[in-house]
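Novice: following is a predicted model, sequence given first.
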Amino acid sequence: MKKITVLGVTGSIGMQTVDVVKNHPDKFKIVAMSAGYNIEKVEEILKIIDVKYICVVNEEDADYLQAKYPNKYIYHGTDGLVKIAVLNEVDIVLNAIVGFAGLVPTIEAIKAKKDIALANKETLVVAGHIITKLVKEYDVALLPVDSEHSAIFQSLNGENKKQIKKIILTASGGSFRNKTREELIGVSVEEALNHPNWSMGAKITIDSATLFNKGLEVIEAKWLFDVSYDQIEVLIHPESIIHSMVEFVDTSIIGQLGNPDMRLPIQYALTYPQRDILFGGESLDLAKVATLTFKKPDFKRFKALALAYQAGRDGGSKPCVLNGANEQANELFRRGKIEFLQIEELVEKALNSHRFIKDPTLQQLIEIDAWARNFVLKEIGEN
Ligand SMILES: NC(=O)C1=CN([C@@H]2O[C@H](COP(=O)(O)OP(=O)(O)OC[C@H]3O[C@@H](n4cnc5c(N)ncnc54)[C@H](OP(=O)(O)O)[C@@H]3O)[C@@H](O)[C@H]2O)C=CC1
Ligand SMILES: CC(=O)[C@@H](O)[C@H](O)COP(=O)(O)O
Ligand SMILES: [Mn+2]
């Protein structure tokens, strides 16, 4: 029986993880879970599965839950996240928190020798240099949940990583893939949230529309698979059927295909190196799909992608600035405070105004993240 802590259980990935676990009661048990602010959903989950340790963001929410569930251990805040990430009885931590908030619990879980199933790509974007070192030092598994990285991980199974020629990271193109740059002026939040292929949380859906999601994934791939940025190619594939591919030195390309269903990479990370039945998972009907199409991304239209490649190549503190500024600008767009195209504008300004640090420590990353958010807020007169 694999015992799991799920961080970010109330979100899109978190709830799909509950679904996977619920269908394999003989194999998995969620012993601990964290939520942000959605206490109603926490209580819904408790009706489906019995979870002993719970962490939420606010102390008042924790007090409410503790009074209602006296036999459970309820924590709050970052300290609480760390407590449930390092529990003795836990084997693996599935991190599905959105954003920078996922970083500290990941680091502490690795130090407690927990395997990590990582959906929270922001962790690797901002601190890939720290995480990859710790993973080696503490000899734990870092298993990708992000669909593209799971596809690459599956394509590399049994292969020699030194024989990778390039990674082909597929991208749906997001909600605005058929719009020209001029047509992006004045697009609404509602339109941006209408992802063509995937149903996901709000932040990542907006990131897909700007293509910051793909930019973050380029940096995530660099750290996960130890390749150079020149070896990572983004390919627009509007059908989201090939979840990514690897080309090897002999020009063979191996990829992973499937319906867009995040339960598959979630389950693969939990069952690895085995596979198991995906309850409710439908076989891919290629005859019905009929056509798979591909095109090169336009780096002028999708400036976010160019910014991410540059930040990744510059390294050091740059990816942290890119991520923090994007998290803040993404949220401001969702709140109707800025226009869609201002997201990349603000991120670019933050990157140009930042004082570079070559090899930032965790404490410095926390400060850089705060600086980037604050910079964006100041730029639009919110601070
Ligand atoms: N959704 C998807 O299909 C995919 C997601 N990912 C990645 O997985 C991660 C999660 O995405 P997704 O599930 O879509 O996001 P959601 O917004 O749906 O869920 C985010 C989760 O994080 C919690 N949370 C938010 N802020 C904080 C905070 N400050 N401290 C603690 N917990 C917090 C939320 O709690 P609450 O709701 O209770 O406030 C919720 O449980 C992201 O990094 C995303 O990029 C990667 C590939 C696919
Ligand atoms: C499901 C998943 O992994 C997302 O990251 C998804 O890939 C977003 O799609 P695009 O960023 O390709 O639009
Ligand atoms: Mn992805």
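Specialist: Structure received. This is a predicted model, so every value here is computed, not measured. Ligands and ions are numbered 1, 2, ... in the order given.
Novice: tell me the domain boundaries of the protein?
Specialist: Domain ranges of the chain: 2-140, 147-310, 315-383, per automatic domain parsing.
Novice: anything in the first one near ligand 1?
Specialist: Yes: Domain 2-140 lies within reach of ligand 1 by CB under 6 Å from any ligand atom, at 8-14, 34-38, 57, 96-98, 101, 119-122. C-beta: built from backbone N, CA, C; applies to glycine.
Novice: could you do stretch 295-312 as well?
Specialist: No: taking CB under 6 Å from any ligand atom as the criterion, stretch 295-312 and ligand 1 are apart, separated by no less than 13.6 Å.
Novice: please work out which residues outside that stretch touch it.
Specialist: Residues outside stretch 295-312 that contact it (CB atoms under 8 Å, 6 or more residues apart in numbering) are 171, 173, 180-181, 184, 210-212, 214-216, 218-219, 222, 229, 234-236, 318-319, 321-322, 326, 343-344, 347-348, 351.
Novice: for the residue of the stretch 1-150 of the chain at minimum distance from ligand 2, list the residues it contacts.
Specialist: When scored by CB to the nearest ligand atom, the stretch 1-150 of the chain has residue 147 as its residue closest to ligand 2, at 3.4 Å. Contact partners of residue 147, counting by CB under 8 Å, 6+ apart, are 243, 244, 260, 262, 264, 265.
Novice: can you rerun that using 7 Å?
Specialist: 243, 262, 265 (CB atoms under 7 Å, 6 or more residues apart in numbering).
Novice: got a pLDDT number for the last one?
Specialist: In the prediction, the pLDDT value recorded for residue 265 is 98.
Novice: could you shift the numbering so residue one becomes 15, and keep it that way?
Specialist: Sounds good: first residue 15 from here, last item residue 279.
Novice: that one reaches residue 159, doesn't it?
Specialist: Yes: at 5.3 Å, residue 279 counts as touching residue 159 under the criterion of CB atoms under 7 Å.
Novice: returning to that earlier point: keep only those of the residues of domain 16-154 next to ligand 1 that are in helices.
Specialist: 26, 27, 28, 135, 136 (DSSP state H).
Novice: contacting residues around the residue in the stretch 65-214 of the chain that ligand 3 sits nearest to?
Specialist: Residue nearest to ligand 3 within the stretch 65-214 of the chain: residue 160 (4.3 Å; CB to the ion). Residue 160 sits next to 133, 135, 231, 234 when contact means CB under 7 Å, 6+ apart.
Novice: tell me which strands and helices the helix or strand hosting the last one is in contact with?
Specialist: Secondary-structure assignment from DSSP states H and E places residue 234 in helix 226-239. In terms of contacts (3 or more CB pairs under 7 Å, 6 or more residues apart in numbering; DSSP states H and E), helix 226-239 is packed against helix 135-152, helix 161-169, strand 178-185, helix 216-224, strand 246-250, helix 317-328, helix 332-348.
Novice: can you lay out the ones you listed as TSV showing mean pLDDT?
Specialist: Formatted as TSV, these follow (pLDDT from 0 to 100):
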stretch	mean pLDDT
helix 135-152	98
helix 161-169	98
strand 178-185	98
helix 216-224	98
strand 246-250	98
helix 317-328	98
helix 332-348	98
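Novice: restricting to C-alpha, output stretch 222-236 in CSV.
Specialist: Extracted in CSV, the C-alpha atoms of stretch 222-236 (Å, rounded to 0.1, in the frame of the first residue of the first chain):
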residue,chain,number,x,y,z
SER,A,222,-1.9,28.2,-21.8
ALA,A,223,-3.5,31.1,-23.6
THR,A,224,-0.4,33.4,-23.2
LEU,A,225,1.9,30.4,-23.8
PHE,A,226,3.7,31.1,-20.5
ASN,A,227,2.6,27.5,-19.6
LYS,A,228,4.7,26.2,-22.5
GLY,A,229,7.5,28.5,-21.5
LEU,A,230,7.4,27.2,-17.9
GLU,A,231,7.3,23.7,-19.3
VAL,A,232,10.5,24.3,-21.4
ILE,A,233,12.3,25.2,-18.2
GLU,A,234,10.7,22.3,-16.3
ALA,A,235,11.9,19.9,-19.1
LYS,A,236,15.4,21.2,-18.9
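Novice: residue numbers of the chain in contact with ligand 2?
Specialist: 160, 161, 162, 185, 186, 188, 212, 218, 222, 227, 228, 276.
Novice: what subset of these is buried?
Specialist: 160, 161, 162, 185, 186, 188, 212, 218, 222, 227, 228, 276 (16 or more other CB atoms under 10 Å).
Novice: look at the nearest residue to the fourth one once chain neighbours are set aside and report its pLDDT.
Specialist: Excluding its sequence neighbours, the residue lying closest to residue 185 (CB to CB, 6 or more residues apart in numbering) is residue 228, at 4.5 Å. For residue 228, the pLDDT comes out at 98.
Novice: distance check, residue 228 against residue 385.
Specialist: Noted for residue 228: a distance of 25 Å to residue 385, by CB to CB, to the nearest Å.
Novice: same question for residue 178.
Specialist: Residue 178 is 35 Å from residue 385, where distance means CB to CB.
Novice: next, count neighbours for whatever residue of the stretch 165-314 of the chain ends up closest to ligand 1.
Specialist: Ranked by CB to the nearest ligand atom, the top residue of the stretch 165-314 of the chain for proximity to ligand 1 is residue 215, at 2.6 Å. The burial count assigned to residue 215 is 15, neighbours taken as other CB atoms under 10 Å.
Novice: and the residue nearest to it when sequence neighbours are not counted, what does it touch?
Specialist: In this structure, residue 215 finds its nearest non-sequential neighbour in residue 26, 4.6 Å apart by CB to CB, 6+ apart. Shown in contact with residue 26 (CB under 7 Å, 6+ apart): 213, 214, 215.
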